[in-house]
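Novice: Fold the following, please.
(2 chains)
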Amino acid sequence: MTNHSPQPLRAATTPEKASVDGLEQKWVPVWEESNTYGFDQSANKEDIYSIDTPPPTASGSLHVGHVFSYTHTDVVARYKRMCGYSVYYPMGWDDNGLPTERRVQNYYGVRCDPTLPYQKTFTPPQVGGDNKSSKAADQMPISRQNFIELCEVLTEEDEKTFENLWRNLGLSVDWSQSYRTISSHAQRISQLAFLKNLERGEAYSAQAPTLWDVTFRTAVAQAELEDKEVPGAYHRLGFDGPEGKIFIETTRPELIPACVALVAHPDDERYQHLFGKTAKTPLFGVEVPIVAHRLAQKDKGSGIAMCCTFGDVTDVIWWRELKLPNRAVIGFDGRFASEPPEAIKESNNPALYEELAGKTVFSAKDILVKTMQETGDMVGDARPITHPVKFFEKGDKPLEIVSTRQWYIKNGGNDEELSAQVS
Amino acid sequence: MVATTKSYQHKLVERGNELEFHPPFMRVRLHDWINGLNGDWLISRQRFFGVPIPLWYPLDKDGNPDYDNPIAPSHDQLPVDPSSDVPSGKDESMRGVPGGFIGELDIMDTWATSSLTPQLAGGWESDPEKFAKVFPYDLRPQGQDIIRTWLFSTLLRAQLEHDQLPWKHAALSGWILDPDRKKMSKSKGNVVVPNELLENHGSDAVRYWAASARLGTDAAFDEGQMKIGRRLAIKLLNAAKFSLSFEIPTESPKVTEPIDLAMLAQLSKVVEQATAAFEKYDHTRALELAESFFWVFTDDYMELVKERAYGLGNHTKEQTASAVAALREALAVLVRLFAPFIPFAAEEVWSWWQEGSVHTAAWPKASELSGMNPELLDLASSALILIRKSKSDAKLSMKAEIASLELAGPAELKELQGDLRDVGKISNLVLTEAAELAILELSFSE
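Specialist: A predicted model of the protein is given here:
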């Protein structure tokens, strides 16, 4: 593309009074009509400057941070255009996902139930909720397709508002090049890319411990985690070892029924003679191995820790690397499962587990701590601390780790085969 | 085993090294993330609204799903919703019954879609011609908070699908902090609604504030800066109106006067430096350069040549033409330098005397401007400061007339004599050669 150069000596017509007010209303339509920012696809590849614009979330409100960062990009786009490039500057809308889902639930008073059939002539029970959370019980369950149709209607309205703001800000976007992450085109592309990953062995499903948000009832990826400092307390508990009591300190005494091992650092002299032997868990008397692993911290508490399925990410690593059994007790709702693990059924105290079944983590902790204080399995008082705990970035309850079947894409973080293929 | 795992991470780190980060220190955040990965990317979500995982599972004779042998749709069937669509060769009556199938209920993580924006926007598998033209992209602009999510996952998908980087450059913007230096966010309740800002200050003003912050640098929410931006836009309109207001006195006017040539020579340097800054993705520097020149242009140069451009005083037609032509040439360059930042004011000014849009005009080149001896403009500015100060010290208006003034300074001062006389309203200006610029003697008119 050849840009024109000015002729400084041309005759000029200047207005009586020049003002910056109203210039947006004057020029935005002109730019649109003249296709000033249109992308010329016929240009040679080397004359094209292309931008992978961040698609804003249309269901959220625009804030000044958007104006800030999008201006940075627009400045570059305008410079490159003037340098003679055919600039590919599309706009996308990220209208997929939780923010839209919640907005539609509250706006229309509905919720999605993918098991329901599609209703052709569907009218939502309300239009234009006050955008405050409504209770799930008050929401009408509808099919996924009906739900998605509502999402499409509402996001389209939201996106119009955004587009107007972007135009007024003067973003030199080619508006004929827009995409929506909710569109059937985007669905097709996402599914196609996934199937290609699957065909090449880069996607797989597995039953595995997964970080789980009990409020949203969904699995959460590593990239969505946030560490939050929260109060907790160390509880000093005694296990029956081959040569007397072994004390551990834990912030999660309620996981005693899920305990599968005691773990100390391989260099920790205090426990050398115990490695390879077993100990019995308090209250239940389940026999667990005493093992060594490099992730045990010598200077934390007594240096030896209980491994439970699953208290935190380290437990998952121990469980996986030391090939320990799975005695998970916490369900998808964050409560103790009604069925105890086999080892507990066969333990000396299955009745105690019955008290825990259906309880929240909080109540279960209360019951077990009181019992252990009575039996003397817990020594002294709980020692309050604050410690970092993993949360879903949108959630307000600590994440649990539950075993589920999930789909994964290989990213080099946990895989040997892929590396072999690629390298 | 550990070594091979590392080698794939190493491959991704290498891709990270090929990508040009602006600012460069952002690269380490990608590398730290890749090196810290402790598991594959979990993409299934137990939510409803999103892209369904496009699979079904066969049910055995007891009705148990066989998760190890999923049934996939063919590519031309896509998109599918496995909870309402059926695998080819099966019908709805076989759903959920032993020997039949069930649909996957999970949807994909939204990042599994967002990680495909280059493919999605570029026509991958739908418009191959376009995709070949735009991919790999030149630029990925994004927030620094989503390096581990959006940037990394896009890079990963492109690596898996195309075995190449999806872009050449990544530009990372900083945070906006409120005046107390706290991050502005919805949850903190200190959000400012952009519509009101644009209405109160004008879009150019808000853009000026945004562009004043470098990539990767946090910026305070500062309406004072927006007011400065608004003044800049107004000043551009006024300077243009002024520069275009003079009649062109000769057939083909030429820039001949030393001060006019000096101004163009300085502007030519500004063009060169601003262009270099833009090429390094330092838009803020480009703006600063254009802006600081512009204030000298309006405050000093325009004042100096005003009388001459009007054809007042003792000037030849050619000398007048030189000023008029220089003003217009400078304006034609300045408007283009400002166009990326304040596009509305720039377009308005352009429309007063040029054809087409300034936004599709050619970026100015240093070679467009034939000036010389740029230092003369600095000397003129310094001399002006002295003359103005003498008036303000005497508590006189800038329009006050000076009967006589003896000004010491470098020999080049004589190139400025006529213009200094005009702007200072000096009846008798005597120049004395000296190393330092100084007023030796001064008397105001009665």
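
Novice: what stretches of the chain score poorly on pLDDT?
Specialist: No chain in the question, so chain A it is. Regions of chain A meeting the criterion pLDDT under 70 cover residues A:1-2, A:59-61, A:129-134, A:136, A:414-423.

Novice: actually chain B
Specialist: Segments of chain B classed as low confidence (criterion: pLDDT under 70) are B:1-6, B:179-192.

Novice: Quickly note the distance from the residue nearest the centre of it to B:Ala171.
Specialist: Computing the C-alpha centroid of chain B and ranking residues by C-alpha atoms, centre = their mean puts B:His283 first, at 4.6 Å. For B:His283, the distance to B:Ala171 under the criterion C-beta to C-beta, to the nearest Å works out to 9 Å. Where C-beta positions appear, they are placed from N, C-alpha and C, glycine not excepted.

Novice: again, but for A:Thr155
Specialist: A:Thr155 sits 27 Å away from B:Ala171, going by C-beta to C-beta.

Novice: Who are the contact partners of A:Arg113?
Specialist: Actually, residue A:113 is Asp. It isn't Arg. Going by C-beta atoms under 8 Å, 6 or more residues apart in numbering or on different chains, A:Asp113 touches A:Pro141, A:Ile142, A:Ser143, B:Phe48.

Novice: Any idea which residue of chain B lies closest to chain A?
Specialist: B:Leu37 (3.0 Å; C-beta to the nearest C-beta).

Novice: Need the three-state assignment for A:Ala18.
Specialist: Here A:Ala18 is coil, with the state taken from DSSP: H, G, I helix; E, B strand; the rest coil.

Novice: my guess is it meets B:Lys235, correct?
Specialist: No. With contacts counted by C-beta atoms under 8 Å, A:Ala18 stays clear of B:Lys235, the gap being 10.4 Å.

Novice: Do a quick rundown of the helices in the stretch 301-446 of chain B.
Specialist: Taking DSSP state H, counting those that start in this stretch, the helices of the stretch 301-446 of chain B run over residues B:302-310, B:317-338, B:343-353, B:375-393, B:417-424.

Novice: Contacts for the third one next, please.
Specialist: Contact with helix B:343-353 is made by A:6, A:10-15, A:18, A:20, A:23-24, A:26-27, A:78, A:170, A:172, B:202-204, B:207, B:233-234, B:236-237, B:240-241, B:244, B:331, B:335-336, B:338-339, B:357-359, B:361, as judged by C-beta under 8 Å, 6+ apart.

Novice: quick one: it to helix B:317-338, angle?
Specialist: For the pair helix B:343-353 and helix B:317-338, the angle between their directions (axes from the mean of the first three to the mean of the last three C-alpha atoms, to 10 degrees) equals 150 degrees.

Novice: Restricting to C-alpha, output helix B:343-353 in PDB.
Specialist: The C-alpha trace of helix B:343-353 is given here as PDB (Å, rounded to 0.1, in the frame of the first residue of the first chain):
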ATOM      1  CA  PRO B 343      -6.100  11.000  16.000                       C
ATOM      2  CA  PHE B 344      -9.200  13.200  16.200                       C
ATOM      3  CA  ALA B 345      -7.400  16.600  16.500                       C
ATOM      4  CA  ALA B 346      -4.900  15.400  13.800                       C
ATOM      5  CA  GLU B 347      -7.700  14.400  11.400                       C
ATOM      6  CA  GLU B 348      -9.500  17.600  11.900                       C
ATOM      7  CA  VAL B 349      -6.400  19.700  11.200                       C
ATOM      8  CA  TRP B 350      -5.500  17.500   8.200                       C
ATOM      9  CA  SER B 351      -8.900  18.000   6.700                       C
ATOM     10  CA  TRP B 352      -8.500  21.800   6.600                       C
ATOM     11  CA  TRP B 353      -6.000  21.600   3.800                       C
END
